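[1] Kindly return the folded structure for what I paste below:
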Amino acid sequence: MIPCFYSGYLVDGTGVIPTDVAERETEFLPTIGCSRLRCRNCGAQVRHVVGVAFATKEDIEPSALATLYDMPDLLMSPLMHRTRDEWRLYICRCDRWLETDKTALDPPDRDDSPGKPWYCEGHPLMALPYTYAGASIETVTDLRTVTQCGLSGEVQPVVRAADREKLYWLLRLHGQLEPDVALAMTNVAAVNLQENNAATLARSLWFLFYTATEQHRERVLDVLKTKQELLTAPIEFGVTTLDNTVSNTAWRVVAPLVAQEGAAREYARSEALANRPSRALFDALAQYDTDWFLTHLEEIVQSIPGNAGVLIDSLIRLPYERRSIKNAQRIRDLLIGKEVVLDELTNTMKAFASMLQKTALKDLHYPVTQSLTLLRDGTELALEVNPPAVAQGDELLLTLNITRAHSTVITTLIKQDKKLHLVILLGSKNMVERILYKSLIALPMPLGPLLVRPGSEAPTGEASSDRASNS
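    Residues are numbered from 1 along each chain as shown. All right, here's what the predicted structure looks like:
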């Protein structure tokens, strides 16, 4: 029996609580409610009902809760009343909880715990035959067929909407099967490494990221070495929102092999110095080959002119004890050069902020100016300046590209007198967040009023392992 991740989730009335006893909450997959919750105190299996709540906020005696728990219809009790259909009441013989969103019973942050004595008592792993998402899987051959259909882009007809994204439904099936049976699915993905169809290859690599053995990872390394014509092909989705090519996802799979001496480590090092910039590759070196990565930062920067800014975000993968603001400064020194350049650009942005202060948009000046100020202090920037600023008479044309933002993102388009065009992506606290910049260049002097053109918006967010932190 395997328990749900975080010991299970309580979900509201719109959330899913599966009827299949094998389905459990799994890291990386869309959240589902646990169907096997039990109370440590009273020993009862936790009941749940939608659209019903207690009519009073007063404490209820345990004896009354026990009586209520045994009622087939909770609304038979005068303690209960109808409430919103999107809310779900959980109850055992000694406790209760009204869920209006979703709550983990044992979250990593203890302050977020509901403090209930409930836990997931575990879910069984399934052997064949097994019926999943409307498919009757009688034999391993049937399982291989279902897997190949999924990796080719087909989706079972009764898969839940949330699980249709990426290949979540297929990964969920893998996690519910006994390991020896599930290995057949991983092997199908490994066979697809010989595919010359970039879409099928990319889906198979994504699946292998979560399921590969060491031998499978070594086969993916062969893909990186031999399928050069497919590595730059764009893909529908990757492990993170930054992984937009076959190569990116392949490096995510290979990454753990870089932790030890061998072919993967040597190839990663050579690629890092071969003008083939890749956030996934740099992440692997930062996390698994830290000494070499930090020793050769300057060489890597010089080998990828115009793209070295990606290294700054990869610093978040360094082991915690090796993180230092000096590492980012080493990269910035090569990108920016003399500090006076940064001073001039900061002064320019302050002038731009003064322009905003005279308009109804004055509240937006702070995130813009803070971006450059924080860069100088070592905080990762939210700004890209690209290409060189161009003087147009008394005006200076400066292109600001916001390349990525985290959490809730608001896109604001400002247009004034056809002279001021600015796109700012703001976080939930109206602060420009961690955004990659590639290069920072000297501005021609003297500086005049700014004409700022909108840059293109890039995908937002990243994998759980990239949550915000200064490196």
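
[2] Now for this protein, the helix or strand with the poorest mean pLDDT.
    Lowest by mean pLDDT, DSSP states H and E among the helices and strands of the chain is strand 410-416, with a mean of 26.

[3] In space, what's closest to Ala212 - neighbours in sequence excluded?
    Val253 (5.8 Å; Cβ to Cβ, 6 or more residues apart in numbering). No exception for glycine: its C-beta is placed from N, CA and C like everyone else's.

[4] isn't there a helix covering the one you found?
    Yes. Remark: Val253 belongs to a helix, assigned using DSSP: H, G, I helix; E, B strand; the rest coil.

[5] Looks like it contacts Phe207 (just checking).
    No. Counting by Cβ atoms under 8 Å, Val253 sits too far from Phe207 to count as a contact (9.6 Å).

[6] Compare these two and say which is more crowded by neighbours.
    Val253 (29 against 25; other Cβ atoms under 10 Å).

[7] Return the per-residue confidence for that one.
    As predicted, Val253 sits at a pLDDT of 97.

[8] which stretches of this structure have low pLDDT?
    Applying pLDDT under 70 to the chain flags residues 305-309, 332, 335-471.

[9] mind giving me the domain split of it?
    Domains of the chain are assigned by automatic domain parsing as 5-120, 127-229, 260-336, 339-466.

[10] in stretch 88-105, what's buried?
    Applying a neighbour-count criterion of 16 or more other Cβ atoms under 10 Å, one finds 88-99, 102-105 buried in stretch 88-105.

[11] which among those residues gets closest to Leu170?
    Within the buried residues of stretch 88-105, proximity to Leu170 (Cβ to Cβ) peaks at Lys102, which comes in at 23.2 Å.

[12] so who does the closest one touch?
    Contacts for Lys102 (Cβ atoms under 8 Å, 6 or more residues apart in numbering) come out as Tyr9, Leu10, Val11, Asp12, Gly15, Thr31, Gly33.

[13] For Cys149, see how far away Pro157 is.
    Taking Cβ to Cβ, to the nearest Å as the measure, Pro157 falls 11 Å from Cys149.

[14] neighbour-wise, which of the two wins?
    Per other Cβ under 10 Å, whichever of Pro157 and Cys149 has more neighbours is Cys149, with 14 against 8.

[15] Now the more buried one: which helix or strand?
    Per DSSP states H and E: Cys149 is located in helix 140-151.

[16] helices or strands up against that helix?
    For helix 140-151, the packing partners by 3 or more Cβ pairs under 8 Å, 6 or more residues apart in numbering; DSSP states H and E come out as strand 135-137, helix 168-176, helix 179-191, helix 198-211.

[17] which one is Cys177 nearest to, not counting chain neighbours?
    Just so we're on the same page, residue 177 is Leu rather than Cys. Met126 (5.6 Å).

[18] Who are the contact partners of the one you found?
    Counted by Cβ under 8 Å, 6+ apart, Met126 has contacts Ala22, Gln176, Leu177, Glu178, Val181.

[19] Could you do Val188 as well?
    Neighbours of Val188 in contact, by Cβ under 8 Å, 6+ apart: Arg144, Thr147, Gln148, Leu151.

[20] Can you tell me the closest non-neighbouring residue to it?
    Val188 sits nearest to Thr147 (Cβ to Cβ, 6+ apart), 4.4 Å away.

[21] from memory that neighbour sits against Met185, does it?
    Yes. Using Cβ under 8 Å, Thr147 is in contact with Met185, at 4.5 Å.

[22] From Ala263, how far out is Arg269?
    Arg269 is 11 Å from Ala263, by Cβ to Cβ.

[23] Now the common contact residues for Thr147 and Met185.
    Leu170.

[24] So what's the residue count around Gln329?
    Residues within reach of Gln329, counting by other Cβ under 10 Å, total 14.

[25] Use 2 as the first number from now on
    Happy to do that; since the first residue is 2 now, the last one works out to Gln330.

[26] element containing it, please.
    Going by DSSP H and E, Gln330 is part of helix 326-337.

[27] give the contact list for Ala183.
    His175, Gly176, Thr212.

[28] most neighbours, which of the residues you listed?
    His175 (23 neighbours).

[29] thought it was touching Asn188?
    No. Assessed by Cβ under 8 Å, His175 is found out of contact with Asn188, at 11.5 Å.

[30] For stretch 282-296, measure first residue to last.
    Start-to-end span of stretch 282-296 (Cα to Cα, to the nearest Å) is 16 Å.

[31] For it, list every residue counted as buried.
    Leu282, Phe283, Asp284, Ala285, Leu286, Ala287, Gln288, Tyr289, Asp290, Thr291, Phe294, Leu295.

[32] would CSV of those with secondary structure and distance to Arg165 be doable?
    Output for the buried residues of stretch 282-296, formatted as CSV (DSSP: H, G, I helix; E, B strand; the rest coil; distance: Cβ to Cβ, whole Å):
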residue, secondary structure, distance to Arg165
Leu282, helix, 30
Phe283, helix, 32
Asp284, helix, 28
Ala285, helix, 30
Leu286, helix, 34
Ala287, helix, 33
Gln288, helix, 31
Tyr289, helix, 33
Asp290, coil, 37
Thr291, helix, 38
Phe294, helix, 38
Leu295, helix, 42
